[in-house]
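**Student:** quick one: sequence plus predicted model below, questions after.
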Amino acid sequence: MVKQTLGRAIQLADQVAKALDRAVVRSTDKSFIPELKSKDEEMVGLLRQLSSIGLGTYDRPVRAIIGSVEQSLDRCLFLLLKHHCPKWIIIKIIKKRFPTLIPVVWLRKTSQLLDASISEMSWLIRFRKNKTNGRFGLNLPPITANEPMLYLVWEEIAILHDPAESYQARSSAAASLVSIAKDLDVYGKLIIRECGVEALLKLMEEGPMEAKQIAAAALGVVVYSSECAGKSVDVCKVFAKILSEGFTKVQAKVAFAVSLIAERNPKWQDAFAEHDVVRLLVGHLAFETVGWTDNLTEKRTYKTSYLKLQSRAEMVKQTLGRAIQLADQVAKALDRAVERSTDKSFIPELKSKDEEMVGLLRQLSSIGLGTYDRPVRAIIGSVEQSLDRCLFLLLKHHCPKWIIIKIIKKRFPTLIPVVWLRKTSQLLDASISEMSWLIRFRKNKTNGRFGLNLPPITANEPMLYLVWEEIAILHDPAESYQARSSAAASLVSIAKDLDVYGKLIIRECGVEALLKLMEEGPMEAKESAAAALGVVVYSSECAGKSVDVCKVFAKILSEGFTKVQAKVAFAVSLIAERNPKWQDAFAEHDVVRLLVGHLAFETVGVHSSKTHSNDNANANEDPDTIAKIKAMAAKALFRLAQENSGICRILADSTALYSFAVLLEKGCEDAQLYSVNALMAIKEVAEKDADLRIRCDLSPNSPTWKYVVDQLLLKITEKTENSYFQISCIHAIENLARTFGSIETRMIGPLVQLLNGREFNVTEETCIALTKLACTDNYFRIEHSKAIISAGGVKHLIQILYDKKVLQALALICYIALHVPDSEELAQAEVLAALTWASKLSFMTVYKELDRFLCNIPLHVPDWEELYQAGVVPMLVWETSGRYLSKEDTLRTLLQEAKSRLNLHQSKGSRGVN
């Protein structure tokens, strides 16, 4: 990827050189041009020099600086050619109207950009050669202007990543990162962003004892940040390995690092518990304290065999125990508050509430925590915070200014304001409410009361209690599959309302329960679970569970019930549509291949075990179910193929293309629609991928594509009430326009017939498809234009232009007039008169308003609000859309050229000139 970016930068530098050659003619001040050329040549030389040096093992500085250089060169091109301007819609017309407008200030800006790029590239080449000699501090690259520590971070991390460096040098680099990260939290985040954590973990695994110690210290001051959440698994695994097998000195450093991380970010606590870090730390704590031998070998045995893994339930019980202790401390604090409070009327009430709180906590402890502990952990944590706050209000020993409070307590022993007692009462009320709800929740005695008496913890997330309730049912093995299926269906309804609810379901461990239900449940339960996963797991919060999801989906598609497979295919389509990052994950886990197998069932003559692994299972299903699985498979493959060359290659190498064509002929309505969309998705990707074009064989001689075109032509001529499907087929022919040869005109007749239809959208889409055949970009435009005339298309287009004022029809008439101006049919249809009338339409008069803006461009570039008020935005959007016109054409110039060409030929005809 970096080499590709470097190649693009070299290409941009070459384009800048060409632009400077043209700028000699277009600039009013030519004195800048030689200097700019010299700088651009130096820039190209530096880029090629970097390419020859190699990128090394650490490419973050290279990627950052090459990206910055690429932006600078792109900006230079904008200043010289104006085709990369954010207001590119206007610039396209400016280039034609004002070819010499290159102000001197733009040339100066170009010079500054090239200077900055040269400075950055020079620094980067010295960096790659490791010829620092202390010069970086004196000559920093411009990219580090806003982050002056960035170059130091790059330098140290590069040493860590370089296997040629000694462990002593890498240890020194790790120590430098510790010093940097201690100064400010933002520097720690910078180290994470620049791939420092990976290098430190590698040093901890491979380095000697001293290097491991320093790496552990560095990780302790860096990884607590939320930016490092995605690396928590790797960090915990390395820490657990060191605590289990490493040197004792290194283990001490790791334990200290764990304490720092847990102190600064409590979210890491569960991660450490899940990866045995807590158990291993307890093992070190217990060594020589429980009567065991002092021998080191026996110590290892003790830690690995005597201690059992603390389950999450045990951790929750410990939290519950701490909450009970806090409640007891609150009771003692209330006893002391009798003497210290000026208003003692609150004390009995507070004591009563605290006793109720203790009773509820002990009652919960006796009930048991069940299989789903997320609500318990959340509410116990909230109660613990509330009780801690009560102690602060009553004793003040948790106050940050405890030194002052200690003196105040001696001087004013009765200072407990009434407002603090009221606040304590409110906190106890909230805790009692939460605990009462939790106990009812654990006993499953809901009876619809949760909606009336929600726990305070759900005040900011009112849907949280519903999510808890449904996920608890999913996790409970004692619940019937019918109840669990109903819970999964409820999660579908919840997740469909807002994306944030889907993220809530992921956070509260709903995905794991749904996957388990898909694996173990009956058919109806599997269907509900698949539907729920389809609307939940596309979120980026579920990225860590993609492997599990793909494996379960692949298993169902390979061995499951056909109805469930249809639901899974639909879920795949939803996930791929909403988050394209899942496409490659599905491809890696055989989901694409299995979907192709379902698509090919009963559609191809040769069944291969490679793609049709589930044919025997499908053979016994009813036709409606088979039709549904085919439609859903086609939809899923359509979403998976969008803008993904890898998946399109898989489809091109399989029977998928032929299967789509067969479904287009024989499939149900949905299967036909999704097949058309899938074929067009593959075609759009193939236009940018030469290798894929060869695999797909996009030519008129290809049997598959010939079959596809035949079916498309058949479908657009069929009478149907589904105009959307008809438009999709027309759009498909539009995309295939360049593949039709000079004698391949069989699609023009059916398209011309559609011009006489009543549906405006169909007429508009037909005009666009015919325009693609007749536009300047099409090599066989003259042959296709003549075929449109022969099919009687001109009279229909003239009628559409007069009646509906369809601009697509106007563009098509202009192209036909340009390519075949001497046609008798054009003269008979009075096309010239129609074009003259069209030039007076309100849409065309907007160009006068645009001219006013263009004349003022050197002094003022209009913003979007001005363009909207002037009414030119619809015209600009239409002009620059790639669907309606060739790249270099505008409707105004096209209309003028067509009128001029027709006028010339008709005047020659009237004089009898050939």
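**Tutor:** Yes, it's here. The shown structure was predicted, so the numbers you read here are calculated from the model rather than taken from an experiment. Residues are numbered from 1 along each chain as shown.
**Student:** switch to C-alpha atoms for all contacts and neighbour counts from now on
**Tutor:** Fine.
**Student:** what's the distance between T893 and Y815?
**Tutor:** 11 Å (CA to CA, to the nearest Å).
**Student:** what's the weakest-modelled helix or strand in this protein?
**Tutor:** When the helices and strands of the chain are scored by mean pLDDT, DSSP states H and E, helix 296-301 comes last with a mean of 38.
**Student:** quick check: next helix or strand after that one?
**Tutor:** The first helix or strand that comes after helix 296-301 along the chain, using DSSP states H and E, is helix 312-340.
**Student:** what is the following helix or strand past that next one packed up against?
**Tutor:** Toward the C-terminal end, the helix or strand that comes next after helix 312-340 (DSSP H and E) is helix 346-367. Packing partners of helix 346-367 (3 or more CA pairs under 8 Å, 6 or more residues apart in numbering; DSSP states H and E): helix 312-340, helix 418-443.
**Student:** dump the C-alpha coordinates for helix 346-367 into CSV.
**Tutor:** Included here for helix 346-367 are C-alpha records, laid out as CSV according to Å, rounded to 0.1, in the frame of the first residue of the first chain:
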residue,chain,number,x,y,z
PHE,A,346,-33.0,12.6,59.6
ILE,A,347,-30.9,9.9,61.4
PRO,A,348,-33.6,7.3,62.2
GLU,A,349,-34.9,7.4,58.7
LEU,A,350,-31.5,7.1,57.2
LYS,A,351,-30.7,4.1,59.5
SER,A,352,-33.9,2.4,58.4
LYS,A,353,-33.0,2.9,54.7
ASP,A,354,-29.5,1.6,55.3
GLU,A,355,-30.8,-1.5,57.1
GLU,A,356,-33.2,-2.1,54.2
MET,A,357,-30.2,-1.7,51.8
VAL,A,358,-28.2,-4.3,53.7
GLY,A,359,-31.1,-6.7,53.7
LEU,A,360,-31.5,-6.4,50.0
LEU,A,361,-27.8,-7.0,49.4
ARG,A,362,-27.9,-10.1,51.5
GLN,A,363,-31.1,-11.3,49.8
LEU,A,364,-29.4,-10.9,46.4
SER,A,365,-26.4,-12.8,47.7
SER,A,366,-28.6,-15.7,48.7
ILE,A,367,-30.6,-15.8,45.5
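**Student:** tell me the buried residues in it?
**Tutor:** 346-347, 350-351, 353-361, 364-365 (16 or more other CA atoms under 10 Å).
**Student:** which residues does the next helix-or-strand element following it contact?
**Tutor:** Scanning forward in sequence from helix 346-367 by DSSP H and E, the next helix or strand is helix 374-395. The contact list for helix 374-395 (CA atoms under 8 Å, 6 or more residues apart in numbering) reads 316, 319-320, 322-323, 326-327, 329-330, 333-334, 337, 369, 397-399, 416, 420-421, 424, 427-428, 431, 434-435, 438, 457, 468, 508-509.
**Student:** how about stretch 249-268?
**Tutor:** Here stretch 249-268 makes contact (CA under 8 Å, 6+ apart) with 209, 212-213, 216-217, 219-221, 223-226, 232, 239, 242-243, 269, 281.
**Student:** quick revisit: T893 and Y815: who's more crowded?
**Tutor:** Y815 (24 against 12; other CA atoms under 10 Å).
**Student:** what is the helix or strand containing the more buried one packed up against?
**Tutor:** If you go by DSSP H and E, Y815 is part of helix 807-819. The helices and strands touching helix 807-819, judged by 3+ CA pairs under 8 Å, 6+ apart, are helix 760-774, helix 781-790, helix 793-804, helix 831-838, helix 891-911.
**Student:** list the buried residues in the third one.
**Tutor:** Read that as helix 793-804. For helix 793-804, burial by neighbour count (16+ other CA under 10 Å) applies to 793-801.
**Student:** same thing with the fourth one?
**Tutor:** By 16+ other CA under 10 Å, the buried positions in helix 831-838 come out as 831-832, 834-835, 838.
**Student:** so which elements touch it?
**Tutor:** When contacts are defined as 3+ CA pairs under 8 Å, 6+ apart, helix 831-838 packs onto helix 793-804, helix 807-819, helix 891-911.
**Student:** would you single out the least confident of those?
**Tutor:** Here the lowest mean pLDDT among the helices and strands packed on helix 831-838 goes to helix 891-911, at a mean of 79.
**Student:** any low-confidence regions in the stretch 551-700 of the chain?
**Tutor:** Scanning the stretch 551-700 of the chain for pLDDT under 70 picks out the ranges 602-620, 697-698, 700.
**Student:** mind doing that once more with 90?
**Tutor:** Under the criterion pLDDT under 90, the flagged ranges of the stretch 551-700 of the chain are 560, 599-624, 652-658, 661, 664-667, 669, 680, 682-700.
**Student:** can you show me the helices along it?
**Tutor:** 562-578, 582-588, 591-600, 615-619, 623-641, 645-653, 656-666, 669-686, 690-696 (DSSP state H, counting those that start in this stretch).
**Student:** CA atoms only for the fifth one, dumped as CSV, please.
**Tutor:** The reference is to helix 623-641. The C-alpha coordinates for helix 623-641 follow below in CSV (Å, rounded to 0.1, in the frame of the first residue of the first chain):
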residue,chain,number,x,y,z
PRO,A,623,-40.3,-24.8,-4.3
ASP,A,624,-41.2,-21.6,-2.4
THR,A,625,-38.5,-22.2,0.1
ILE,A,626,-35.9,-22.9,-2.6
ALA,A,627,-37.0,-19.7,-4.4
LYS,A,628,-36.6,-17.7,-1.3
ILE,A,629,-33.1,-19.0,-0.5
LYS,A,630,-32.0,-18.3,-4.1
ALA,A,631,-33.4,-14.7,-3.9
MET,A,632,-31.7,-14.1,-0.5
ALA,A,633,-28.4,-15.6,-1.8
ALA,A,634,-28.5,-13.3,-4.8
LYS,A,635,-29.2,-10.3,-2.6
ALA,A,636,-26.3,-11.3,-0.2
LEU,A,637,-23.9,-11.7,-3.2
PHE,A,638,-25.0,-8.4,-4.6
ARG,A,639,-24.1,-6.6,-1.4
LEU,A,640,-20.9,-8.6,-1.0
ALA,A,641,-19.7,-7.8,-4.5
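**Student:** in TSV: the helices and strands packed on helix 807-819, plus distance to F586.
**Tutor:** Formatted as TSV, the helices and strands packed on helix 807-819 follow (distance: least, CA to CA, whole Å):
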stretch	distance to F586
helix 760-774	34
helix 781-790	42
helix 793-804	46
helix 831-838	52
helix 891-911	44
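**Student:** of all the ones you listed, which lies closest to A571?
**Tutor:** For the helices and strands packed on helix 807-819, the distance to A571 is smallest for helix 760-774, at 30.7 Å, taking CA to CA.
**Student:** which SS state does K719 fall under?
**Tutor:** At K719 the chain is in coil, as set by DSSP: H, G, I helix; E, B strand; the rest coil.
**Student:** quick check: domain ranges of this structure?
**Tutor:** Using automatic domain parsing, the domain ranges for the chain come out as 2-144, 152-257, 312-458, 545-698, 831-911.
**Student:** rank these by pLDDT, which is bottom?
**Tutor:** The minimum mean pLDDT among these belongs to domain 2-144 (a mean of 68).
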